[in-house]
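S.K.: quick one: sequence plus predicted model below, questions after.
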Amino acid sequence: MIPDISISTQTPRKIVLREALAVVASALLFPFGIAGSKKRTARKKEQHTIVFVHGYVSNRSSFLPMMTYLRALGLGPVLCFNYKAATSIEKAAAQLREFLKERVRGGRVDLVCHSLGGVIARVYLQDLGGARRVDRCITLGTPHRGTYNAYWVNSRVGRDLRPDSKLLERLQASAHRSGKVRFTSIVAGSDNIILPRVFASSGEDVVQVPNVGHLGMLFTPSVFQAVAQRLLPTPQRA
């Protein structure tokens, strides 16, 4: 029996209602992220670019609320990487590498990833040399050690997210290749996609957010704050 993180203390009705609202909000935002942005950063050595990597069957619109919050704090520049869910994880990681080469023209990179996006980021960092450009990788509900729900997904991506997959075994064995990249795992206490929920934790910096589901993380102020605290320059952190 694998020990899981503490589950929510709220009633199932409240948890389901909150997650249902997040699903509706995601669906309403989805059309705004279908077209990929062509934005590129300026050529500045001192800049710190935040790059968002969305989850499975989603697009960059899922991060619109968080992007708005981070921009209000003066963080950025901000870019979003769009990829297709049917793409294999390795191909998506290669596309991420090319995206960063073309769009981030100087400075360092911080990655903020939801769900599958975090696995794509790790392949980029550990297998494709991305650790040379990246300072921090923050993941939200990412199946670092897989999820038992992946056994219901009969696709290459689904097979790669199973706890016993060769891809995840390889990432675990090559974790040292991430170099000095600082990882933060934000884990939702009511995540119904990553099971067991403890599989969403990786590294020393783990933030548990109670009473929040898999999609609800993208609309939760405490999650925004946790991300911002790790992206703000060190002297400004609370």
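M.R.: It's in.
S.K.: now do the helices in the protein.
M.R.: Taking DSSP state H, the helices of the chain run over residues 12-29, 64-72, 89-103, 116-127, 156-160, 166-173, 221-231.
S.K.: quick one: distance of the third one to the chain centre.
M.R.: What it means is helix 89-103. When distances are taken as C-alpha atoms, centre = their mean, to the nearest Å, helix 89-103 is centred 15 Å away from the chain's centroid.
S.K.: can you list contacts of that helix?
M.R.: Under the contact criterion C-beta atoms under 8 Å, 6 or more residues apart in numbering, helix 89-103 has outside partners 39-41, 51, 53, 79, 81, 83, 87, 109, 116, 119-121, 123-124, 127-130, 133, 157, 160, 167. (C-beta placed from N, C-alpha, C; glycine too.)
S.K.: mind listing what's buried along it?
M.R.: 89-90, 92-97, 99-100, 103 (16 or more other C-beta atoms under 10 Å).
S.K.: remind me which residues of this structure are low pLDDT?
M.R.: Residue ranges of the chain with pLDDT under 70: 1-8, 234-238.
S.K.: spatially central residue in it, please.
M.R.: By C-alpha atoms, centre = their mean, the chain has its centre lying nearest to residue 113, at 1.7 Å.
S.K.: which strand residues bridge the closest residue to that one other than its chain neighbours?
M.R.: Using C-beta to C-beta, 6 or more residues apart in numbering and skipping residues adjacent in sequence, the residue nearest residue 113 is residue 53, 4.2 Å away. With DSSP bridges as the criterion, the beta-bridge partners of residue 53 are residue 81, residue 113.
S.K.: I'd guessed residue 53 sits against residue 121; true?
M.R.: Yes - contact criterion C-beta atoms under 8 Å: residue 53 and residue 121 qualify, at 5.6 Å.
S.K.: shared neighbours, these two?
M.R.: Both residue 53 and residue 121 are contacted by 96, 111, 113, under the criterion C-beta under 8 Å, 6+ apart.
S.K.: surely the second one and residue 48 touch.
M.R.: It refers to residue 111. No - at 11.6 Å, residue 111 and residue 48 do not qualify as touching, with contact defined as C-beta under 8 Å.
S.K.: pick out whichever of the two has more residues nearby.
M.R.: A count of neighbours by other C-beta atoms under 10 Å puts residue 111 above the other of residue 111 and residue 48, at 29 against 16.
S.K.: give me the number of residues near residue 117?
M.R.: Neighbours of residue 117 (other C-beta under 10 Å): 27.
S.K.: no no, residue 194
M.R.: Residues lying near residue 194 (other C-beta under 10 Å) number 25.
S.K.: got it, and residue 169?
M.R.: 12.
S.K.: distance of it from residue 126?
M.R.: Separation of residue 169 from residue 126 (C-beta to C-beta, to the nearest Å) stands at 13 Å.
S.K.: next one: the residue nearest to residue 113 from residue 118, what distance?
M.R.: Taking C-beta to C-beta as the measure, residue 53 and residue 118 are separated by 7 Å.
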